[in-house]
Every structure is written in structure tokens, then in C-alpha cells.
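Novice: Sequence first, predicted model second:
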Amino acid sequence: MNRLFLALMLLIFWLPSHALQIIDDRGVKVTLAKPPQRIVSLLPSLSETVCELNHCARLVGVDRYSNHPASLRALPQVGGGMDPNIEAIVALKPDVVLMSIASRASERLEALGLTVVALETKSHTDVRRVLDRVGTLLGVDDAQRVWRVIDAGVSAAAQSLPPKAKNLRVYFEVNRAPYAAGAKSFIGESLQRLGVQNIVSPELGPFPKLNPEYVVKADPDLILISERNFAGMLQRPGWAGIRAVRENRICVFPAELADIVIRPGPRMAEGARLMAQCIASKGLSQ
């Protein structure tokens, strides 16, 4: 008993009083002696979350797509979330690396002695949870204040649309494979709150890869797509007959606006407003 008591006391004294623990979205328990002061982020939405929680100064490196706020563009870029430059990350000596659970780099980074926190941000619920996880890491007491602003902004965007928007059938393409924003994605959930109908069935998942014929048969009233993915869309077999194409009901978001709409983070309310503007100007104007 005395040995057990001594071991417990040593463990208590060994761990700093301000040590923190979180369980990331892999189910991995991550323990840090103190809030990290040097952070590398490999996902734009996570970079934006750190900054929105007023700790942008702790970021020492980001992926090539992290561009908001503008100050991030001055930081070292360490590749992409799926193809990170491991040597560049190690050279930055981060206390923690934030990344998507979809990345395969976590094991390599951990084998090199780095601490990894992998997070999932596909739905509104995911965004709320990630805010809490990142807030805990940063030592922020009320990270949910950011969600309350997002939630209120999405509601305001929905209230800006008339009831007839409910009759509108919408297709949102996130990648020209084509991958779509399904009903269970954060984009699909925002569209649902805006009151429109998503042509992609919920059972297909958050971001399903579709056969282009699926969209032709669904015949959406409105298409939303980024400028970077728009090239060649109108030339797909059968797409000229889609109502949205025939009647020019297509919203093509330039790159800087597309980034807002497709990132599941602090700017989601702004993304909802952009989609509401699209619905009002293209979907309901004819």
C-alpha cells in the first residue's frame, strides 16, 4: 500500500498542475504539460479556428491553403493536409500539429516525437466539438461563443429568404469528380436551415462522389459551384438539359468566396449568407 501511495504521489508531482488532456477524433488521448505555444495547422478551417479564438500568434506554420486571416500568408507553408512536408514541420519544432483525421501523416509525425491532434469537421456538430477541443488546447474558457455567433448568423441568413425558397431543389458541387455536398455535410445542413431541398439523398453520406447522370435525373433548379471547379461542367453529357443550366440558375463562386463557403469553421455564417444571396438572386429571380 505504501509503495502504491508513493507511486501516485510521484505521478501527481511529476505532472504539472496546468497539464491538459483531450481526446481527439481518432479516439487518441493527447496530454500536454501546458497549452501549446508553437502550433502547426494542416487544415485551413483549423487555422481559422485558432485565429478566431484570438491565438493566431501561436501558429508557426500552416498548410498551403490556409490564407485567412491574411497574416497567415506570411507563415512558413508546409505542404497540404494530405501531402505535408514532414521535414519542414519537424524543423518548426511545434508543440502540437493540428490536422484532419483523413490525413495519413499522423503516424509518421508521432514516430518522430511530435504531438498530433487529429480532428473531423464534416457537420455542424463536428464544428461545435472542434471548437471545444481547440479551445481546451489553447486554454480558452468559452470557445462556444464562436459557435453562438455562427448559429445566429445562419439563422439570420435563413430569415432573409421568403417561404417560396422551400420549393427550390439545389445541387452544391464541391469537387468536379463530381463530389457533392450531401444533406449530412455542414454545407447540406446550412442549406437545410436556409429552407431549400438538397437533391443529394442523406444516405449517400456527407460528401459523396456521384455519377453525373444522378444530377441529370435529379434535375436541380439551382447549382452552386466554385469557379475552380466550374470548367467543363456545362459540357458533361446531358447537363445542357438540366433546368438550372437551361435557365442559367448557376452561382459560380470566385476562389476567395468559395473558400468561405466550403470551410467548416468560424466563417460558416458568412458562407450561409453567400448561399442565401445566391438563392435569392438566381434561384428565386425567375
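Specialist: Okay, I see it. Numbering: from 1, shown residues only.

Novice: where along the stretch 1-150 of the chain do the helices fall?
Specialist: Under the criterion DSSP state H, counting those that start in this stretch, the stretch 1-150 of the chain contains helices at 2-14, 44-52, 86-91, 106-111, 124-138, 144-159.

Novice: Quick check: which of those helices is nearest to Val174?
Specialist: Comparing the helices of the stretch 1-150 of the chain by their distance to Val174 (Cβ to Cβ), the top pick is helix 44-52, with 13.6 Å. (Glycine included, C-beta is placed from N, CA and C.)

Novice: Now tell me what touches that closest one from outside.
Specialist: By Cβ atoms under 8 Å, 6 or more residues apart in numbering, the residues outside helix 44-52 that reach it are 39, 41, 56, 58-59, 62-63, 65-69, 71-72, 98-99, 119, 121, 130-131, 134, 138, 146, 259, 263-267.

Novice: and that helix with helix 124-138, angle?
Specialist: Comparing the axes of helix 44-52 and helix 124-138 via axes from the mean of the first three to the mean of the last three Cα atoms, to 10 degrees yields an angle of 50 degrees.

Novice: what comes up buried for helix 44-52?
Specialist: By 16 or more other Cβ atoms under 10 Å, the buried positions in helix 44-52 come out as Pro44, Ser45, Leu46, Ser47, Glu48, Thr49, Val50, Cys51, Glu52.

Novice: now swap in stretch 122-130 and tell me
Specialist: When burial is assessed from 16+ other Cβ under 10 Å, stretch 122-130 yields the following buried residues: Lys122, Ser123, His124, Asp126, Val127, Arg129, Val130.

Novice: Can you name the residues that contact the fourth one?
Specialist: Yep, that's Asp126 we're talking about. Contacts for Asp126 (Cβ under 8 Å, 6+ apart) come out as Leu119, Glu120, Phe186, Pro264.

Novice: can we see that at 7 Å?
Specialist: Listed by Cβ atoms under 7 Å, 6 or more residues apart in numbering, the contact partners of Asp126 are Glu120, Pro264.

Novice: Likewise for Met268?
Specialist: Val127, Ile150, Val154, Phe186, Ser190.

Novice: Next secondary structure after the helix or strand Lys217 falls within?
Specialist: Using DSSP states H and E, Lys217 sits in helix 212-218. Helices and strands here follow DSSP H and E; after helix 212-218, the next one along the chain is strand 222-226.
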